[in-house]
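Novice: I'd like to go over a predicted model; first the sequence, then the structure.
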Amino acid sequence: MNALYYCYYLKLLIPKGSVEVAQAQDANFSKDFETKIIGITGKMGSGKTTASHYISSKLENSIILNVDNIAKKIYSSDKELLMKLKQCFGNGIFICDDRIDYRKLGKLVFNDYKEMKKLNKLMFPLIYEEVKDYILKNRGKKKFIIIDAAILFDAGLYNFCDKIILVKSHLKRRKKFLENKNINISEREIDERLRGQKIKIIRDKVDYVVNNNTDITKFYDNLNKIINELLK
């Protein structure tokens with residue numbers, strides 16, 4: 001199981017203190033630029049990444065920022081983080097000195113909320129700053145930046161967004177999608193992650209809600225309505 005897969009599932013809680021202050025200061029982050037920042041969120045298997053790619057394909061000069069990839073980059077390159085992970089969780093979550101066994105780490109944190117909170121406190125500030133840096137480098141160059149993130153609200157990334165889209169799908173459909181996508185994990189592991197994932201949604205910050213409970217054509221039709229609004 002690769003790093004990207006487990007980064008997809010490590011959905012975190014917002015840390016307290018100085019990070020919250022920084023997030024408040026970053027509200028209206030893109031307002032002085034022509035770039036529009038669109039946040040797309042939803043639970044695992046809901047179709048948010050499909051929505052991100054479809055919307056990007058219809059919006060000229062757009063780019064997708066996948067927060068799972070940001071997390072993967074952090075896990076693979078931040079030596080200080082690796083040291084802190086060893087201190088928090090022990091050597092058992094490592095394949096070798098600098099490679100995390102994401103399956104073991106995932107099993108640990110999804111079965112113990114206290115352990116998840118430890119991981120959250122380590123990862124969230126790093127993810128937030130990486131996303132901020134990415135936007136700073138690309139705003140003004142791109143007409144649209146699309147942030148694909150289940151942790152959009154939990155991590156405070158919504159502060160960067162001009163518009164936010166929530167993608168929803170019922171549990172059975174999400175489970176079926178994950179079973180088809182992830183053939184190397186058991187049904188039990190999928191159930192654990194579906195049960196364990198709790199994402200924060202600030203309802204009055206959501207501009208559009210899209211239900212993905214029928215066929216892909218209907219899903220795209222609903223997204224087209226949002227695209228038309230975004231282009232106004």
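Specialist: Nice, I can see it. Numbering: from 1, shown residues only.

Novice: Let me see the ranges of the helices in the protein.
Specialist: Remark: helices assigned in the chain by DSSP state H are 3-9, 18-25, 48-58, 67-77, 79-89, 102-110, 113-138, 171-181, 187-196, 216-230.

Novice: which residue is nearest the middle of this protein?
Specialist: The centroid of the chain falls nearest to Ala149 when counting by Cα atoms, centre = their mean (2.4 Å).

Novice: pretty sure Ser46 contacts Ser169?
Specialist: Yes. With contacts counted by Cβ atoms under 8 Å, Ser46 reaches Ser169, the gap being 4.3 Å. C-beta coordinates here come from the backbone N, C-alpha and C atoms, glycine included.

Novice: Pull up the overlap in contacts between these two.
Specialist: Asn212 (Cβ atoms under 8 Å, 6 or more residues apart in numbering).

Novice: nearest residue to Cys161 other than its sequence neighbours?
Specialist: Closest residue in space to Cys161, ignoring its immediate chain neighbours: Gly39 at 3.8 Å, by Cβ to Cβ, 6 or more residues apart in numbering.

Novice: Look up how far Tyr158 lies from the one you found.
Specialist: Distance, Gly39 to Tyr158, using Cβ to Cβ, to the nearest Å: 6 Å.

Novice: Same drill for those two, tell me which one is more crowded.
Specialist: For Gly39 versus Tyr158, the count of surrounding residues by other Cβ atoms under 10 Å is larger for Gly39: 28 against 23.

Novice: Name the residues of stretch 193-202 that are buried.
Specialist: By neighbour count on 16 or more other Cβ atoms under 10 Å, the buried set for stretch 193-202 is Arg193, Leu194, Gly196, Gln197, Ile199, Lys200, Ile201.

Novice: residues in contact with the first one?
Specialist: Going back to what we said before, that points to Arg193. Counting by Cβ under 8 Å, 6+ apart, Arg193 makes contact with Tyr9, Met44, Gly106, Phe110, Leu178.
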